[in-house]
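Enquirer: A predicted structure for the sequence below; I have some questions about it.
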Amino acid sequence: MAEINRDKLLDVYTRTMKVNRTDEKFRELLMQGKVAVMYYCVRGQELVSAAAMAALQDDDYVVCTYRGQGEQTAKGIPIEKWWGECLGKATGTCKGKGGTMHITDPDTGIMVTTGVVGSGLPIANGLAMASQNNGDGKVTLVSFGDGAANIGGFHEAMNMAQLYKLPVVFLCQNNRYGEHTAYADHTDSPDISSRAAGYGMKGVKVDGNDVNAVYPAMEEAVEHARSGKGPVLVEAMCYRMMGHFFGSDFSYMPAEHLAEMAEEDPLPKLRQVMLERQFTEEELDAIVAGIDAEIDAAVQHALDAPLPDTDEIYKDVLEETA
Amino acid sequence: MAEITMTEALNKAIDEAMAEDDSVFCLGEDVAAKQGGGVFKITSGLSEKYGENRIRATPISETAIIGAAVGAALAGQRPIAEIMLMNFVGVCMDQIVNHAAKLRFMSGGQTPCPIVIRTTTGVGVGFGGQHSDMLEAWFAHVAGMHVVTPSNAADARGLMRSAIDANDPVVFIENILCYGLKAEDPGPGYRVPLGKAAVPKEGNDISLITYGRTVLDALEVATDLEKEGISVEVVDLRTIAPYDEATVLASVKKTGRALTLHEAVRPFGTGAEIAANIQEKCWDSLKGPVRRVGGTFSAVPFATHLEQAWIPNKEEIVGQIKASVGKA
């Protein structure tokens, strides 16, 4: 496989660190008690989200889940609005009415963030159907976990997408846990990607901790979908390095799993690849410092921002008509 | 003047909306020519005219159908999704309730979801427990959507156009027994606004508030009782939710009595909500309690005589009206 273009590699690195630093900051604020909201950590899955978003065009559509911080920030959502929403402020993407589990920003293609496992797949088909109907050339990428592969909507959506050759990429971030249940305790088949064959669909399984595996796979899947050949199911193997949500117990994860997870951490591996490709420590640190400064400013903006008016509970229910 | 059936009215409304606006498309089971144009022929002739992308025959996958409609709507299309029979909404409630109805609100107004969910149902056809229910109350209880049902062919044409125009999800309930009803064709472009009730018969003694197929029962009862000197005003809601409260309350303030009537089971039905609202807002005008008639609180039975015993009948409606006006 050809080496990833150096500019693209830097792009993936920058997006990965944006996701990671956002996650670190969120956990820090929660630990300090400065915010008290539901947050689904993405530690361990940063690279998968970043690679996927880097493979898309700016105007492509994304559907993600409550563990969607990675897709949202890596796609380029304005972070002041993102933090505003997470803190329930009037300045948020959804005026504080959606929250961490329902971030929406059509301007950057973040069309739906669903809080219901597996519900994003059928909706992604619809976005792609619109693109097929109007010929706008967009691809829709829907992200979900291994847990979502066992809900009915997954099956219905995969079959329909392949039937119509919809321009969709189904990205299964197999983080080896569905909520608190280990993969082997919810699924007997060795992988999710092999199910694609059952729908006549292209399926690939990649190491989500290795940029040289996951980025080219995402690029190829997006290209396949955009060219009209139909959907692709990409299963990116990764680890959820924290509990299901922030603060939830994960002592149930066996010691061997934790050791394996530490070994496979995508961040040190990515940094190693960057150094091998002649980026310097200083360059990489400067990128992170720049991201941190932006995040700090966005967090402060969100903390200082006004709360939504209570009248908002009556608004946006139905279209206001005179 | 030309007459049309409700089937033709719905077909014409969809046809003209598709001709006017490229973003309108239909999806659902069996809807294209290859499958015969839908089990009740509502989309008959349309795939020939608009192609199979705009009349998309789908697998039997209700969750995928509504999910696709939601996604397409977010991308600026105006899908008309067919759920063949109303009971099958049980398969796709997550997409309707958690997504279609809530995405406008949860996104702070950024992603309205203009979809029409067409579905049909009806007691009296012999379809038994899983193909007959009126489930409008399930949707009336959810913020963020309109629930509509026509009682005649002209309204069907006008309500369908307004449903397609609406920038929010509309659950559009058809009744199998009403498809053959004929009315004078109101013609192209005709619209009946959502949220606006009709008063097909005026009266002074009691307001009979209903919608859909039972409007026919209501009108027959009203005609019969006229001969006995009881003047019944029939209110056809047309839009069940959010309903035309002004018309309902004005009628009850005039008559002083009210009876709600629906084919759906009585407990926790829409009649209960309307009755409670009337009692809160028309107390001083009321001459007696608001009464309710609805289906029996059991599954819809199969055998014809059981089905007829199950469904609200004219005797029951007459009995409740006479009890209300004190002529029992």
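Expert: Arrived safely, thanks for sending. Residues are numbered from 1 along each chain as shown, chains lettered A, B, ... in the order given.
Enquirer: now do the contacts for residue 117.
Expert: Because you didn't say which chain, this covers chain A. Listed by Cβ atoms under 8 Å, 6 or more residues apart in numbering or on different chains, the contact partners of A:V117 are A:T65, A:F144, A:G145, A:G147, A:A148, A:I151, A:G178. No exception for glycine: its C-beta is placed from N, CA and C like everyone else's.
Enquirer: looking at chain B here, not the other one
Expert: B:I117 touches B:I66, B:A69, B:A81, B:E82, B:I83, B:V89, B:I96, B:A100, B:P169, B:V170, B:V171, B:F172, counting by Cβ under 8 Å, 6+ apart.
Enquirer: can you tell me the element the residue nearest the centre of chain A falls in?
Expert: Note on chain A: the residue nearest the mean C-alpha position is A:E71, at 3.2 Å, using Cα atoms, centre = their mean. In this structure, A:E71 is located in helix A:69-75 according to DSSP states H and E.
Enquirer: try A:E219
Expert: Following DSSP H and E, one finds A:E219 within helix A:211-226.
Enquirer: which strands and helices lie in contact with that helix?
Expert: Helices and strands touching helix A:211-226, as assessed by 3 or more Cβ pairs under 8 Å, 6 or more residues apart in numbering or on different chains; DSSP states H and E, comprise helix A:6-31, helix A:46-55, strand A:168-174, strand A:202-207, strand A:232-237, helix A:266-276.
Enquirer: out of the ones you listed, the one nearest A:H301 is which?
Expert: helix A:6-31 (13.1 Å; Cβ to Cβ).
Enquirer: just the angle between the closest one and helix A:211-226, please?
Expert: Helix A:6-31 runs at 100 degrees relative to helix A:211-226, counting by axes from the mean of the first three to the mean of the last three Cα atoms, to 10 degrees.
Enquirer: where's helix A:6-31 relative to the chain centroid, distance-wise?
Expert: Mean-position distance between helix A:6-31 and its chain equals 12 Å (Cα atoms, centre = their mean, to the nearest Å).
Enquirer: strands of chain B, start to end?
Expert: B:3-5, B:24-29, B:55-58, B:78-85, B:116-121, B:146-148, B:170-175, B:182-184, B:198-201, B:206-210, B:232-236, B:239-241, B:258-265, B:291-295 (DSSP state E).
Enquirer: tell me which of those strands lies nearest to A:E28.
Expert: strand B:78-85 (43.6 Å).
Enquirer: can you pull the alpha-carbon coordinates of the closest one into CSV?
Expert: What follows is strand B:78-85 as a C-alpha-only set of coordinates in CSV (Å, rounded to 0.1, in the frame of the first residue of the first chain):
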residue,chain,number,x,y,z
ARG,B,78,-39.7,15.9,1.3
PRO,B,79,-40.3,12.2,1.6
ILE,B,80,-43.7,10.5,1.8
ALA,B,81,-43.0,7.2,3.6
GLU,B,82,-45.7,4.6,3.6
ILE,B,83,-46.1,2.2,6.5
MET,B,84,-48.5,-0.3,4.9
LEU,B,85,-50.7,-0.8,8.0
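Enquirer: give me the neighbour count for B:A2.
Expert: With neighbours defined by other Cβ atoms under 10 Å in any protein chain shown, the count for B:A2 comes to 7.
Enquirer: would you mind measuring from the nearest residue to A:H301 once chain neighbours are set aside to A:F246?
Expert: The shortest distance from A:H301 to any residue other than its chain neighbours is 5.0 Å, reached at A:E80 (Cβ to Cβ, 6 or more residues apart in numbering or on different chains). The span separating A:E80 from A:F246 equals 22 Å under the rule Cβ to Cβ, to the nearest Å.
Enquirer: for B:L219, give me its contacts.
Expert: B:P200, B:K201, B:V234.
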